[in-house]
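J.: pasting a predicted model and its sequence here:
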Amino acid sequence: MKNKFYIYIQNLQEQICKGLEDIDGVAQFREDIWERPEGGGGRTRVIENGQVFEKGGVNISAVHGKLPEAMQKMFNVGEADFFACGLSLVLHPKNPMVPTVHANWRYFEMYDEKGNVINSWFGGGQDLTPYYLFEEDAIHFHQTCKTACDKYDSAFYPKYKKQCDDYFWNAHRNEARGIGGLFFDYCKATEEQSMEDLFRFVSEVGNSFLEAYVPIVEKRKDLPFTPEQRTWQEIRRGRYVEFNLVHDKGTLFGLKTNGRIESILMSLPPHVQWRYDHHPVSGSEEEKIIKVLEKPVDWL
């Protein structure tokens, strides 16, 4: 399964990068191949200063070795070997009318001293962070997520939508990071579903990413915007940074397993602001998105 999934994310990286370069029309991804001293490595691809994307990354990695002490505590195990691979992407568009997007699909294995797999699971999801709310965009994104889920189990979308709302919650701000999507973790084989079934589900979600995001970009990328709207985008990006550095498990895992810092912090936007005690004007479009982020919305 680990080889099968790694081949899948290599191909998915190619598809997604090609789709994003096509819509940007100017910038192309820069590629870095890197190795992790303890075992494994990855292929980082970053796009910057494009016509549409100010900064973004579509990264894959496959790392292995001894499970670090911090992760032993997290999983409540003793010494063990592990393998983890995944694709992680974040895109920060120039135009504040285009939402930031994040997605991740991953697979994890843990082994006993004889090298036998003692635990394995899938995780992943995709979520949207708009700066200005277009309800039809939110509906399109969530409908695409639901369509992918429904091919496997009608219970998946409501379950993983709720997990997304719960996970991408900036507890110290008491607000959501964005308008959600899907989030699933520790998806293990059961009597009803094999790892092969879960592989097909996760790859279905991965394959739906461009369909979920690109139509929104095409619709919003040429809309006019003011310097004040750009400032609002940068202030809201600050909340994105806060979540990634304070709460995000993937970021913390990377930092605690001696991950490649440039790849881990690829998710941070190039221009961001923190204004002291900033509040949007009452009744404004800026306030509208804040109100939406106070409580999860059933977009469908």
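T.: It's in.

J.: now do the strands in the stretch 51-200 of the chain.
T.: Taking DSSP state E, counting those that start in this stretch, the strands of the stretch 51-200 of the chain run over residues 53-66, 81-93, 100-111, 117-129, 169-170, 175-176, 180-187.

J.: how about residues contacting the top helix by length along the chain?
T.: Taking DSSP state H as the criterion, the chain has its longest helix at helix 2-24. The contact list for helix 2-24 (C-beta atoms under 8 Å, 6 or more residues apart in numbering) reads 27-29, 43, 45, 47, 50-53, 56, 58-60, 62, 83, 85-87, 89, 91, 105, 107, 109, 122, 199, 202-203, 206-207, 209-210, 214, 217-218, 221. The C-beta positions use only the backbone N, C-alpha and C, and glycine is treated the same way.

J.: thought Glu234 was touching Trp274?
T.: No. If you go by C-beta atoms under 8 Å, Glu234 and Trp274 don't touch, sitting 9.3 Å apart.

J.: more neighbours: those two, which one.
T.: More neighbours surround Glu234 than the other of Glu234 and Trp274, with 17 against 12 (other C-beta atoms under 10 Å).

J.: mind checking how far that one is from Asn11?
T.: As for Glu234, its distance to Asn11 is 35 Å (criterion: C-beta to C-beta, to the nearest Å).

J.: what do you get for Glu38?
T.: 26 Å.

J.: where does the most centrally placed residue in the chain land on pLDDT?
T.: The residue lying closest to the centre of the chain (C-alpha atoms, centre = their mean) is Ala103, at 2.7 Å. Confidence at Ala103, expressed as pLDDT, is 98.

J.: ranges for the helices of this structure?
T.: In the chain, helices defined by DSSP H lie at 2-24, 69-75, 135-150, 156-167, 195-207, 209-220, 227-246, 249-256, 261-264, 285-293, listed in chain order.

J.: which strands and helices sit next to the worst-scoring helix or strand of the chain on mean pLDDT?
T.: For the chain, using mean pLDDT, DSSP states H and E, the weakest element among its helices and strands is helix 69-75, scoring a mean of 77. Using 3 or more C-beta pairs under 8 Å, 6 or more residues apart in numbering; DSSP states H and E as the contact criterion, the elements in contact with helix 69-75 are helix 249-256.
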